[in-house]
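Q: quick one: sequence plus predicted model below, questions after.
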Amino acid sequence: MAGLYDVMRTRSRGKDLLGSLVSVLISLTLVIYLLRQIDPRELLTTLERLYWPSVATYVALSLAGLTARAYRYFLLLSGRVGLGSLMIVTLVRNLFVDLVPARIGSLAYVYVVTQRCGVPLRDGLASFLLAFVFDFLAIAPLLLLALAVVGSGVTGWWVLLFLGAVVTISSFLAYYALAPALHLIARVSARIPRLQGTGAKASETAESLREIRRRGVLGRVFWVSVAVRLFKFSAYYALLHAVLVSHGFTLATLKPFHVFLGVAGAELSATLPIHSFAGFGTYEAAWTLGFTRLGFSKELAILSGFATHLLSQIHDYSLGLLALLWVMRPGYRRQRH
């Protein structure tokens, strides 16, 4: 039996490696294809001509979004970890969230908050799951609002409407299915000796979810999640403005709701299984598809996609790496509330 298990585990690792190679190949193909549609020197020129006041606005809004996201964890964890420590944890989470497909990198939050901040695993998992679901619950009404404002004049508006409906329905289903799904995992795992520990953790996490709901904080969590999304997309708006000023764009010509829809499509691409290292390729392809539908030329959409993605990654990864070094240093002590 042990030999069969080892064979299955080896095959699973082989499939994971093959999947990673395929996603990297797809991303590399997309990057090469998109860069061939523009003059790479134009990209360098655009980066050299950034509008720095808008870059500073991007940094300030990103910091506000970081604070809001950390405060959401603070609410979900009942204030057992200080807001300062949770901001460091969130920076580490942001470092890893785009590095692997389907947002799996956000699980770095669970590791750091449990191993370095002393939070029980059940509470770390419960707060992670609720934060993940509320991210989509918050974006759903914003997507529908943006579609209502932009209207049917946008090319392919029905695709955006369908996407908004899917996100809305899926997020509500996920919210109500969390606890039942964990109970199902616990019942199934209880019958398999190797998975009994997993079943116990699933049951404990479901109990933690119930405790959070009984505390009555989920209303505030929702509105904080809306604030997280608004800060994030406002930051991207400022960064896109910084990139496009040298191309003749102003705040008056850069329509906020159009930008929101374009950025939302690119952000959702990070949930795809083919999402590769740092999202390069898939992110720019989704950005280009969205912004060309919203009236941008193909060249400008590709150019702005690469520039904003590169700048945002440099910002997130530099801060995240510093936070990771800080939280993993010997003798680290979390800030208590």
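A: Structure's in. What do you need?
Q: tell me the span between the first and last residue of stretch 190-200.
A: 8 Å (Cα to Cα, to the nearest Å).
Q: what about Tyr283, helix or strand, and which?
A: Element membership of Tyr283, judged by DSSP states H and E, is helix 282-293.
Q: now do the same for Val92: its pLDDT.
A: Looking at Val92, its pLDDT reads 94.
Q: use 39 as the first number for this chain going forward.
A: Okay, using 39 as the starting number, the last item reads as Val130.
Q: hmm, back to that, and the helix or strand just after the helix holding Tyr321, average pLDDT?
A: Following helix 320-331 in sequence order, the next helix or strand is helix 336-365 (DSSP H and E). Helix 336-365 comes out with an average pLDDT of 93.
Q: can you check stretch 249-267 too?
A: 95.
Q: buried sites along it?
A: Ile250, Val255, Leu256, Val259, Phe260, Val262, Ser263, Val264, Ala265, Val266, Arg267 (16 or more other Cβ atoms under 10 Å). The way it works is simple: take the backbone N, C-alpha and C, and place the C-beta from them, glycine included.
Q: and the contacts of it?
A: The contact list for stretch 249-267 (Cβ atoms under 8 Å, 6 or more residues apart in numbering) reads 103, 106-107, 109-110, 113-114, 116, 164-165, 168-169, 172-173, 175-177, 179-180.
Q: how far off centre is that stretch?
A: Centre-to-centre, stretch 249-267 and its host chain are 18 Å apart (Cα atoms, centre = their mean, to the nearest Å).
Q: keep only those of the contacts of stretch 249-267 that are in helices.
A: Cross-referencing these against helices under DSSP state H gives 103, 106-107, 109-110, 113-114, 164-165, 168-169, 172-173, 175-177, 179-180.
Q: quick one: the helices in this structure?
A: 40-73, 78-86, 90-114, 121-135, 146-153, 159-188, 195-228, 234-252, 256-282, 294-306, 320-331, 336-365.
Q: below-threshold pLDDT in the chain: ranges please.
A: Regions of the chain meeting the criterion pLDDT under 70 cover residues 39-58, 61, 138-141, 189-195, 197-198, 307-316, 372-375.
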